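please find the sequence and the predicted model below.
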Amino acid sequence: MHDGSGQIMVRGLSKSFGPIHAVQDLSFTVRPGAVTGFIGPNGSGKTTTLRMILGLVAPTAGTATINGLPFHRLPNPAHVVGAVLDAQSFHPGRTARNHLRCYAAAMGVPDAQVDRALELVGLASAGKHKTGVFSLGMRQRLALATALLGDPQVLVLDEPANGLDPEGIAWLRNFLRTFAASGRTVLMSSHFLREIEHTVDQLVIISRGRCVYDGHLDELRAAQRSRALVQAAEPGRLADTLQHAGFGIEYLPDGRLAVNGADSRTVADLALEAGVALYGMQDERIGLEELFFQLTSGQYTGARPPADAQQWAPPGGAGRGFGGNA
Ligand SMILES: Nc1ncnc2c1ncn2[C@@H]1O[C@H](COP(=O)(O)OP(=O)(O)OP(=O)(O)O)[C@@H](O)[C@H]1O
């Protein structure tokens with residue numbers, strides 16, 4: 001019997017397609033009551049992972065369970081997990097309501113659920129229209145309605161915000177946050193952090209099939225750092241002074257120093273004390289998007305590199321922070 005936890009657990013999951021290692025030793029847990037974003041660049045292994053969770057692709061190694069069981073062993077899977085995987089194509093001559101009726105019959109779900117699902121996704125008045133006239137946003141909503149037919153405990157969505165206009169994204173955000181707030185589980189993928197940063201609470205970030213961050217979005221936000229870029233007459237002597245004061249230093253290719261965690265005023269005061277002339281300064285803030293790019297491109301250049309993963313792990317063990325996959 002499944003444990004009813006609403007948790008998705010991925011442990012040591014790997015998938016190779018011949019020489020391509022699409023997913024490598026991936027481990028993370030998705031908990032109910034929150035929206036978890038599963039993000040990474042194109043080709044990083046998101047869809048392959050979601051398909052393994054849903055029992056559509058056999059792993060090369062490792063396990064993925066929902067409610068403690070692999071998908072194929074779930075009793076009544078449509079009542080446990082609803083999924084939207086790829087851009088759905090619907091029979092263009094069939095109405096939205098009839099499309100849902102077909103699925104409801106196949107799932108053994110009463111017809112009453114069809115109207116409920118249409119209402120949940122805001123398509124109640126469009127149920128009688130043929131799907132051939134639906135916009136992309138309406139097709140996304142209909143796909144979501146199909147996933148909701150079984151009144152599932154868990155939602156797994158692959159790039160659900162893809163192609164939505166700002167209004168559609170706002171609607172989806174509201175819907176998913178309400179769904180999660182009712183104690184259910186949402187795992188949604190995206191390749192674009194900015195698109196989902198106001199929707200998700202938790203983040204699992206993958207790059208080249210491996211986990212590079214697993215934790216709260218707020219903790220990633222807190223890792224946004226500022227640094228001062230400074231051009232000095234004697235960079236070596238200024239670097240010594242700054243390092244002595246406890247700042248991390250990087251030498252940039254253009255000859256400037258990047259002083260992590262410092263603002264230009266602090267650097268100017270220390271340079272004055274050391275008697276080093278300055279030719280120019282600039283304050284720079286490393287934003288969430290930049291951090292995401294650095295994490296996923298393997299070009300993390302912050303004060304503390306990924307090798308320091310333990311230091312970056314969030315306190316309290318809610319997630320594992322940078323480096324993930326422990
Ligand atoms: N059936 C398959 N046969 C061979 N290679 C595959 C197959 N499915 C996926 N891949 C490869 O595995 C890697 C991961 O692909 P996947 O679709 O899981 O990534 P993704 O993060 O979902 O990308 P996108 O955001 O572009 O959809 C890619 O290199 C892809 O070409």
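All right, it came through fine.

so which residues of the stretch 101-250 of the chain form strands?
154-157, 185-190, 202-207, 210-216, 226-232, 248-251 (DSSP state E, counting those that start in this stretch).

what packs against the second one?
With contacts defined as 3 or more C-beta pairs under 8 Å, 6 or more residues apart in numbering; DSSP states H and E, the secondary structure elements packing on strand 185-190 are strand 34-39, helix 46-53, strand 154-157, helix 166-181. Using the backbone N, CA and C atoms, a C-beta is placed for each residue, glycine as well.

can you redo the strands of the stretch 101-250 of the chain as CSV with mean neighbour count, distance to the ligand and mean pLDDT?
Formatted as CSV, those follow (neighbours: other C-beta atoms under 10 Å; distance: least, C-beta to the nearest ligand atom, whole Å; pLDDT from 0 to 100):
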stretch, mean neighbour count, distance to the ligand, mean pLDDT
strand 154-157, 24, 13, 97
strand 185-190, 25, 7, 96
strand 202-207, 24, 7, 95
strand 210-216, 23, 12, 93
strand 226-232, 21, 31, 92
strand 248-251, 16, 31, 91
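
tell me which of those strands approaches D240 most closely.
Set against D240 and scored by C-beta to C-beta, the strands of the stretch 101-250 of the chain come closest in strand 248-251, at 9.1 Å.

partners of that closest one, with directions?
In the sheet, strand 248-251 lines up against strand 257-260 (antiparallel) (DSSP bridges).

how about the residues of the protein by the ligand?
F17, I20, A22, G40, N42, G43, S44, G45, K46, T47, T48, H191 (C-beta under 6 Å from any ligand atom).

just these now: which is nearest L85?
T47 (7.4 Å).

mind checking the strands of the stretch 101-250 of the chain for the one nearest to T65?
That would be, of those and by C-beta to C-beta, strand 154-157, which comes in at 11.2 Å.

state the pLDDT value of the closest residue to the ligand within the stretch 151-300 of the chain.
Taking C-beta to the nearest ligand atom, the ligand has its nearest neighbour within the stretch 151-300 of the chain at H191, 4.6 Å off. pLDDT recorded at H191 is 88.

quick one, phi/psi of it?
phi -110, psi 10 (degrees, to the nearest 10).

hmm, P32 and Q202 touching each other?
No - between Q202 and P32 there is no contact under C-beta atoms under 8 Å: 11.2 Å.

gap between the closest residue to L142 other than its chain neighbours and A78?
Spatial nearest neighbour of L142, excluding adjacent residues (C-beta to C-beta, 6 or more residues apart in numbering): A96 at 5.4 Å. A96 sits 19 Å away from A78, going by C-beta to C-beta, to the nearest Å.

check G6 too.
15 Å.

and if you look at R141?
19 Å.

over to A64?
Distance from A64 to A78, by C-beta to C-beta: 18 Å.
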